[in-house]
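Engineer: Sequence plus predicted model, see below.
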Amino acid sequence: MVTDRLTDGVRLAQLLASEVTGNESRLRGLTVVDADRDVEPVADGALAYRIARERGGSDGGDERADPLAEVYVQPDRVRIEATAAPDAVATAARGADLRVRPKAVRPPRTLVFVEDAAQVKRALAVLEALRRESTTD
């Protein structure tokens, strides 16, 4: 039986970024942008990267992506701040049994906390809701 849990904030952020960039079916159209490869965790959270909707450029590359969420690194967890679809994100987070709370700013944000490696997989439901509800036509 494994008794150790991965709770290192930087490593959790790396795992989450891997899921976003490598999950072509469920998260197709999302990408990681503005990544700080040297991010150091702090108690209030340091911005590690943003999760954005891809916009293909004429050369097949990514023009400027539309940010949907920000990922912050704390010493023992990751905080996802959804800047789009806050209600859908909150519902998905509760459904995935993740700790969630609103952030009272304008426009409103929803905070989702990922505290161990097992929760990274559950956070994919949150990112799916974010992608689905923030679709722009």
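Structural biologist: Everything's here; your move.
Engineer: Where does the prediction get shaky in this protein?
Structural biologist: 1-5, 56-64, 135-137 (pLDDT under 70).
Engineer: And the helices in it, which stretches?
Structural biologist: If DSSP state H is used as the criterion, the helices of the chain fall at 9-22, 86-95, 117-133.
Engineer: number of nearby residues for the closest residue to Thr21 other than its chain neighbours?
Structural biologist: Nearest non-adjacent residue to Thr21, counting by Cβ to Cβ, 6 or more residues apart in numbering: Val32, 5.8 Å away. From N, CA and C alone the C-beta is placed, and that goes for glycine too. Neighbourhood size, Val32 [other Cβ atoms under 10 Å]: 19.
Engineer: now do Glu40
Structural biologist: Neighbour tally, Glu40, other Cβ under 10 Å: 11.
Engineer: returning to that earlier point: let's have the helices of the chain in CSV, adding distance to Arg101 and mean neighbour count.
Structural biologist: Shown next, in CSV, are the helices of the chain (distance: least, Cβ to Cβ, whole Å; neighbours: other Cβ atoms under 10 Å):
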stretch, distance to Arg101, mean neighbour count
helix 9-22, 18, 19
helix 86-95, 8, 20
helix 117-133, 13, 19
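Engineer: who's the residue nearest to Thr21 bridged to?
Structural biologist: In this structure, Val32 bridges to Ile51 when assessed by DSSP bridges.
Engineer: Tell me the spacing between it and Glu19.
Structural biologist: Separation of Val32 from Glu19 (Cβ to Cβ, to the nearest Å) stands at 10 Å.
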